[in-house]
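Q: This is a predicted model, with the sequence first.
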Amino acid sequence: SYRSRSAFKLLEINEKWGKFLEKNDVQAVVDLGAAPGGWSQVVAGKMGWLEDERIDGTGPSSPLEGEGYGLNQKAKDERYSSWSVKDRDLVDTFDPLSLTETPGRVGKGVIVAVDLLRMAPIPGVHTLQMDFLAPKSSDIVMSALKTSANPSGKADVIISDMAANFTGNHITDSQACLDICFSAIEFASKTLKVADKQRGLRGGTLLLKHFAHPLLQEFRRRILVPNFHVVYYIKPDSSRSESAEGYWLCRGWTGKKQVQRY
Ligand code: SAM
(Lines give C-alpha, C1' and ligand atoms only; values in the text may rest on other atoms or scores of the structure.)
Protein backbone atom coordinates (compact mmCIF):
# COMPACT_ATOMS: atom_id res chain seq x y z
CA SER A 1 0.00 0.00 0.00
CA TYR A 2 1.04 3.61 -0.39
CA ARG A 3 2.29 5.69 2.48
CA SER A 4 0.12 8.67 1.68
CA ARG A 5 -3.11 9.59 -0.04
CA SER A 6 -1.06 11.98 -2.17
CA ALA A 7 0.21 8.92 -4.06
CA PHE A 8 -3.20 8.65 -5.72
CA LYS A 9 -3.05 12.27 -6.80
CA LEU A 10 0.25 11.67 -8.54
CA LEU A 11 -1.01 8.47 -10.18
CA GLU A 12 -4.08 10.34 -11.40
CA ILE A 13 -2.14 13.32 -12.73
CA ASN A 14 0.37 11.10 -14.51
CA GLU A 15 -2.38 8.98 -16.03
CA LYS A 16 -4.52 11.86 -17.26
CA TRP A 17 -1.85 14.33 -18.27
CA GLY A 18 0.56 12.68 -20.63
CA LYS A 19 2.26 9.98 -18.58
CA PHE A 20 5.35 12.03 -17.86
CA LEU A 21 6.65 9.41 -15.42
CA GLU A 22 6.84 6.41 -17.73
CA LYS A 23 10.18 4.77 -17.38
CA ASN A 24 11.49 4.67 -20.93
CA ASP A 25 11.58 8.45 -21.12
CA VAL A 26 12.75 9.13 -17.63
CA GLN A 27 16.24 8.68 -16.19
CA ALA A 28 16.22 11.04 -13.24
CA VAL A 29 13.44 12.31 -10.99
CA VAL A 30 13.59 14.65 -8.00
CA ASP A 31 10.80 14.50 -5.39
CA LEU A 32 10.68 17.62 -3.22
CA GLY A 33 8.77 17.51 0.06
CA ALA A 34 8.70 13.74 -0.28
CA ALA A 35 7.85 12.42 3.19
CA PRO A 36 6.30 10.07 4.10
CA GLY A 37 7.08 8.83 0.58
CA GLY A 38 3.91 8.12 -1.39
CA TRP A 39 5.07 9.99 -4.49
CA SER A 40 8.51 8.40 -4.29
CA GLN A 41 6.85 4.98 -4.16
CA VAL A 42 4.88 5.80 -7.31
CA VAL A 43 8.02 6.99 -9.10
CA ALA A 44 10.09 4.01 -7.95
CA GLY A 45 7.32 1.74 -9.22
CA LYS A 46 7.17 3.49 -12.60
CA MET A 47 10.94 3.36 -12.97
CA GLY A 48 11.10 -0.35 -12.38
CA TRP A 49 12.67 -0.39 -8.92
CA LEU A 50 9.80 -2.17 -7.23
CA GLU A 51 9.20 -5.02 -9.66
CA ASP A 52 10.22 -7.62 -7.18
CA GLU A 53 9.06 -5.81 -4.08
CA ARG A 54 5.72 -4.94 -2.67
CA ILE A 55 4.71 -1.50 -3.85
CA ASP A 56 5.45 0.14 -0.55
CA GLY A 57 9.08 -0.83 -0.86
CA THR A 58 9.00 -2.82 2.33
CA GLY A 59 11.03 -5.72 1.08
CA PRO A 60 12.39 -8.06 3.74
CA SER A 61 15.44 -5.90 4.37
CA SER A 62 13.89 -2.46 4.48
CA PRO A 63 12.77 -1.13 7.82
CA LEU A 64 9.08 -0.39 8.09
CA GLU A 65 9.18 2.37 10.61
CA GLY A 66 9.34 5.87 9.23
CA GLU A 67 7.72 9.23 9.49
CA GLY A 68 4.04 9.02 8.82
CA TYR A 69 3.81 5.25 8.91
CA GLY A 70 0.70 3.88 10.50
CA LEU A 71 -0.38 7.33 11.63
CA ASN A 72 -3.94 8.49 11.15
CA GLN A 73 -4.51 11.76 9.35
CA LYS A 74 -4.70 13.83 12.51
CA ALA A 75 -1.42 12.45 13.78
CA LYS A 76 0.14 13.11 10.38
CA ASP A 77 -1.08 16.69 10.36
CA GLU A 78 0.49 17.15 13.77
CA ARG A 79 3.66 15.63 12.49
CA TYR A 80 3.71 18.04 9.57
CA SER A 81 3.30 20.95 11.90
CA SER A 82 6.25 19.89 14.01
CA TRP A 83 8.68 21.81 11.81
CA SER A 84 8.72 25.52 11.31
CA VAL A 85 10.45 28.19 9.33
CA LYS A 86 12.88 29.05 12.09
CA ASP A 87 14.44 25.60 11.68
CA ARG A 88 15.36 26.53 8.14
CA ASP A 89 19.10 26.71 8.45
CA LEU A 90 19.46 24.18 11.19
CA VAL A 91 18.08 21.09 9.57
CA ASP A 92 20.77 19.42 7.56
CA THR A 93 21.43 15.85 8.40
CA PHE A 94 22.82 15.07 4.99
CA ASP A 95 24.90 11.93 4.98
CA PRO A 96 27.26 11.69 1.99
CA LEU A 97 27.13 7.91 2.27
CA SER A 98 23.49 8.05 1.24
CA LEU A 99 24.73 8.91 -2.24
CA THR A 100 26.17 5.47 -2.82
CA GLU A 101 24.13 3.47 -5.26
CA THR A 102 21.99 0.64 -4.03
CA PRO A 103 24.07 -2.49 -4.74
CA GLY A 104 23.05 -4.45 -7.82
CA ARG A 105 20.61 -1.79 -8.93
CA VAL A 106 22.66 0.41 -11.24
CA GLY A 107 21.01 1.40 -14.50
CA LYS A 108 17.37 1.86 -13.57
CA GLY A 109 17.53 5.59 -13.22
CA VAL A 110 17.94 7.91 -10.33
CA ILE A 111 15.36 9.15 -7.84
CA VAL A 112 16.29 11.75 -5.24
CA ALA A 113 13.80 12.56 -2.51
CA VAL A 114 14.12 15.54 -0.16
CA ASP A 115 12.24 16.36 3.01
CA LEU A 116 12.66 18.04 6.35
CA LEU A 117 11.40 14.82 7.84
CA ARG A 118 13.12 11.50 7.95
CA MET A 119 11.71 9.03 5.47
CA ALA A 120 11.79 5.26 5.60
CA PRO A 121 13.85 3.85 2.71
CA ILE A 122 12.35 2.90 -0.66
CA PRO A 123 14.37 0.84 -3.14
CA GLY A 124 16.02 3.07 -5.74
CA VAL A 125 15.32 6.30 -3.87
CA HIS A 126 18.12 8.43 -2.42
CA THR A 127 16.57 10.18 0.51
CA LEU A 128 18.04 13.44 1.75
CA GLN A 129 16.74 14.86 4.99
CA MET A 130 17.22 18.61 4.85
CA ASP A 131 15.54 21.93 4.33
CA PHE A 132 15.19 22.45 0.61
CA LEU A 133 14.95 26.20 1.14
CA ALA A 134 18.40 26.37 2.71
CA PRO A 135 20.93 27.88 0.28
CA LYS A 136 23.24 24.88 -0.10
CA SER A 137 20.51 22.29 -0.58
CA SER A 138 20.27 22.51 -4.35
CA ASP A 139 23.99 21.69 -4.72
CA ILE A 140 23.55 18.67 -2.50
CA VAL A 141 20.61 17.42 -4.54
CA MET A 142 22.54 18.06 -7.73
CA SER A 143 25.43 15.91 -6.58
CA ALA A 144 22.99 13.15 -5.65
CA LEU A 145 21.54 13.31 -9.16
CA LYS A 146 24.86 12.65 -10.82
CA THR A 147 25.43 8.91 -10.88
CA SER A 148 26.60 6.38 -13.43
CA ALA A 149 22.96 5.85 -14.41
CA ASN A 150 22.59 9.60 -14.98
CA PRO A 151 26.01 11.01 -15.87
CA SER A 152 24.67 14.40 -17.01
CA GLY A 153 23.38 15.07 -13.51
CA LYS A 154 20.27 16.59 -15.09
CA ALA A 155 16.68 15.78 -14.21
CA ASP A 156 13.85 14.73 -16.49
CA VAL A 157 11.14 15.37 -13.95
CA ILE A 158 10.91 17.40 -10.74
CA ILE A 159 7.83 16.88 -8.62
CA SER A 160 7.16 19.12 -5.64
CA ASP A 161 4.44 18.50 -3.10
CA MET A 162 6.20 20.80 -0.61
CA ALA A 163 3.82 22.79 1.49
CA ALA A 164 4.51 25.25 4.26
CA ASN A 165 2.77 25.17 7.58
CA PHE A 166 -0.50 27.04 7.41
CA THR A 167 -0.76 30.00 9.72
CA GLY A 168 -4.25 31.01 8.59
CA ASN A 169 -2.97 34.43 7.54
CA HIS A 170 -3.45 34.60 3.76
CA ILE A 171 -0.54 36.93 3.10
CA THR A 172 1.95 34.96 5.18
CA ASP A 173 0.77 31.64 3.76
CA SER A 174 0.90 32.82 0.17
CA GLN A 175 4.34 34.32 0.68
CA ALA A 176 5.55 31.00 2.12
CA CYS A 177 4.07 29.17 -0.85
CA LEU A 178 5.75 31.64 -3.22
CA ASP A 179 9.12 31.07 -1.51
CA ILE A 180 8.73 27.34 -2.01
CA CYS A 181 7.76 27.81 -5.66
CA PHE A 182 10.79 30.05 -6.24
CA SER A 183 13.15 27.53 -4.66
CA ALA A 184 11.70 24.80 -6.84
CA ILE A 185 11.97 26.81 -10.07
CA GLU A 186 15.50 28.03 -9.28
CA PHE A 187 16.51 24.42 -8.81
CA ALA A 188 14.61 23.40 -11.94
CA SER A 189 16.38 26.08 -13.96
CA LYS A 190 19.73 24.53 -13.05
CA THR A 191 18.81 20.89 -13.45
CA LEU A 192 15.96 20.26 -15.89
CA LYS A 193 16.90 18.88 -19.28
CA VAL A 194 16.42 21.50 -21.95
CA ALA A 195 14.20 21.03 -24.98
CA ASP A 196 16.18 20.59 -28.18
CA LYS A 197 14.03 20.36 -31.28
CA GLN A 198 16.84 19.24 -33.53
CA ARG A 199 17.67 16.30 -31.31
CA GLY A 200 14.00 15.56 -30.69
CA LEU A 201 14.27 16.25 -26.95
CA ARG A 202 11.14 17.48 -25.27
CA GLY A 203 12.60 19.28 -22.25
CA GLY A 204 11.99 18.48 -18.60
CA THR A 205 8.79 18.47 -16.58
CA LEU A 206 7.99 20.26 -13.32
CA LEU A 207 4.95 19.38 -11.22
CA LEU A 208 4.48 22.04 -8.59
CA LYS A 209 1.96 22.24 -5.76
CA HIS A 210 0.63 25.69 -4.92
CA PHE A 211 -2.33 27.43 -3.39
CA ALA A 212 -4.64 29.64 -5.38
CA HIS A 213 -3.74 33.28 -4.69
CA PRO A 214 -2.99 36.32 -6.88
CA LEU A 215 0.69 36.20 -5.84
CA LEU A 216 0.92 32.71 -7.26
CA GLN A 217 -0.93 33.66 -10.43
CA GLU A 218 1.70 36.30 -11.01
CA PHE A 219 4.44 33.72 -10.46
CA ARG A 220 2.81 31.47 -13.04
CA ARG A 221 2.59 34.27 -15.58
CA ARG A 222 6.02 35.80 -15.03
CA ILE A 223 8.15 32.75 -14.32
CA LEU A 224 6.51 29.51 -15.46
CA VAL A 225 4.77 30.42 -18.70
CA PRO A 226 7.85 31.96 -20.40
CA ASN A 227 10.04 29.00 -19.48
CA PHE A 228 7.95 25.98 -20.41
CA HIS A 229 6.34 24.81 -23.58
CA VAL A 230 3.04 24.41 -21.74
CA VAL A 231 1.73 25.00 -18.21
CA TYR A 232 -1.45 23.23 -17.08
CA TYR A 233 -3.39 23.99 -13.94
CA ILE A 234 -4.56 20.77 -12.33
CA LYS A 235 -6.89 20.12 -9.47
CA PRO A 236 -6.91 16.35 -9.03
CA ASP A 237 -10.23 14.64 -8.27
CA SER A 238 -8.48 13.06 -5.32
CA SER A 239 -7.66 16.44 -3.75
CA ARG A 240 -10.38 17.79 -1.50
CA SER A 241 -12.51 20.15 -3.54
CA GLU A 242 -12.84 22.85 -0.88
CA SER A 243 -9.09 23.37 -0.50
CA ALA A 244 -7.30 26.00 -2.57
CA GLU A 245 -4.58 23.49 -3.37
CA GLY A 246 -3.73 22.76 -6.95
CA TYR A 247 -0.79 21.76 -9.12
CA TRP A 248 0.91 23.24 -12.11
CA LEU A 249 2.14 20.68 -14.54
CA CYS A 250 4.81 22.42 -16.58
CA ARG A 251 6.10 20.49 -19.55
CA GLY A 252 8.96 21.11 -21.94
CA TRP A 253 11.49 23.26 -20.10
CA THR A 254 12.95 25.79 -22.53
CA GLY A 255 14.79 28.03 -20.08
CA LYS A 256 14.10 31.01 -22.33
CA LYS A 257 13.79 33.55 -19.55
CA GLN A 258 16.20 33.87 -16.68
CA VAL A 259 14.59 32.95 -13.37
CA GLN A 260 14.87 35.84 -10.96
CA ARG A 261 13.08 36.50 -7.70
CA TYR A 262 11.11 39.70 -7.80
N1 SAM B 1 4.17 13.82 -1.60
C2 SAM B 1 4.31 13.31 -0.24
C3 SAM B 1 3.85 11.87 -0.24
O4 SAM B 1 3.26 11.42 -1.22
O5 SAM B 1 4.09 11.17 0.74
C6 SAM B 1 3.54 14.15 0.77
C7 SAM B 1 4.18 15.51 0.97
S8 SAM B 1 3.49 16.48 2.28
C9 SAM B 1 1.99 17.03 1.59
C10 SAM B 1 4.50 17.93 2.24
C11 SAM B 1 5.91 17.72 2.71
O12 SAM B 1 6.67 18.88 2.42
C13 SAM B 1 6.03 17.49 4.22
O14 SAM B 1 6.56 16.23 4.47
C15 SAM B 1 7.01 18.59 4.67
O16 SAM B 1 7.94 18.14 5.63
C17 SAM B 1 7.72 18.94 3.36
N18 SAM B 1 8.35 20.26 3.35
C19 SAM B 1 7.79 21.46 3.57
N20 SAM B 1 8.70 22.44 3.51
C21 SAM B 1 9.88 21.84 3.23
C22 SAM B 1 11.21 22.32 3.04
N23 SAM B 1 11.49 23.61 3.16
N24 SAM B 1 12.19 21.45 2.76
C25 SAM B 1 11.91 20.14 2.65
N26 SAM B 1 10.67 19.61 2.82
C27 SAM B 1 9.67 20.45 3.11
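A: Done, it's in. Numbers count the residues shown, from 1 in each chain.
Q: In contact with the nearest residue to residue 18 once chain neighbours are set aside: list those residues for me.
A: In this structure, residue 18 finds its nearest non-sequential neighbour in residue 251, 6.9 Å apart by Cβ to Cβ, 6 or more residues apart in numbering. (Each C-beta comes from the backbone N, C-alpha and C, glycine too.) By Cβ atoms under 8 Å, 6 or more residues apart in numbering, the residues touching residue 251 are 18, 20, 202-203, 205, 228-232.
Q: Could you rerun that using 6 Å?
A: With contact taken as Cβ atoms under 6 Å, 6 or more residues apart in numbering, residue 251 is in contact with 205, 229-230.
Q: From the chain's centroid, how far away is the host helix or strand of it?
A: In the assignment (DSSP states H and E), residue 251 maps to strand 245-253. With Cα atoms, centre = their mean, to the nearest Å as the basis, strand 245-253 stands 12 Å off its chain's centre.
Q: what does stretch 204-211 give?
A: 8 Å.
Q: That one and the ligand in contact?
A: No. On the criterion Cβ under 6 Å from any ligand atom, stretch 204-211 is out of touch with the ligand, staying 7.5 Å away.
Q: Now that stretch: average pLDDT?
A: Mean pLDDT, computed over stretch 204-211, is 96.
Q: next one: stretch 247-262
A: The pLDDT scores in stretch 247-262 average 93.
Q: Then stretch 15-24?
A: Computed over stretch 15-24, the average pLDDT equals 85.
Q: how long is it from one end to the other?
A: 15 Å (Cα to Cα, to the nearest Å).
Q: The strand or helix carrying residue 142 close to the ligand?
A: For residue 142, the host element (DSSP H and E) is helix 137-145. No. Helix 137-145 stays clear of the ligand (Cβ under 6 Å from any ligand atom), getting no nearer than 7.5 Å.
Q: Mind listing the strands the very next helix or strand once past that helix pairs with, and their directions?
A: Elements were assigned by DSSP H and E; along the chain past helix 137-145, the next helix or strand is strand 157-160. Using DSSP bridges, the strands paired with strand 157-160 are strand 28-32 (parallel), strand 205-211 (parallel).
Q: deepest of those strands, which one?
A: strand 28-32 (a mean of 29; mean count of other Cβ atoms under 10 Å).
Q: Could you see whether the ligand lies near that strand?
A: No. Strand 28-32 does not reach the ligand (Cβ under 6 Å from any ligand atom); its nearest approach is 6.7 Å.
Q: For the helix or strand that comes right after that strand, name the packing helices and strands.
A: Scanning forward in sequence from strand 28-32 by DSSP H and E, the next helix or strand is helix 38-46. Judged by 3 or more Cβ pairs under 6 Å, 6 or more residues apart in numbering; DSSP states H and E, helix 38-46 is in contact with helix 6-16, strand 28-32, strand 110-115.
Q: tally of neighbours for residue 231?
A: Residues lying near residue 231 (other Cβ atoms under 10 Å) number 19.
Q: and it, which of the three is it?
A: strand (DSSP: H, G, I helix; E, B strand; the rest coil).
Q: Isn't it up against residue 224?
A: Yes. Judged on Cβ atoms under 6 Å, residue 231 makes contact with residue 224 at a distance of 4.9 Å.
Q: just to revisit the earlier point, direction included, what does the strand holding residue 251 pair against?
A: With DSSP bridges as the test, strand 245-253 pairs up with strand 205-211 (antiparallel), strand 228-234 (antiparallel).
Q: anything in it near the ligand?
A: No. Judged by Cβ under 6 Å from any ligand atom, strand 245-253 stays clear of the ligand, getting no closer than 9.1 Å.
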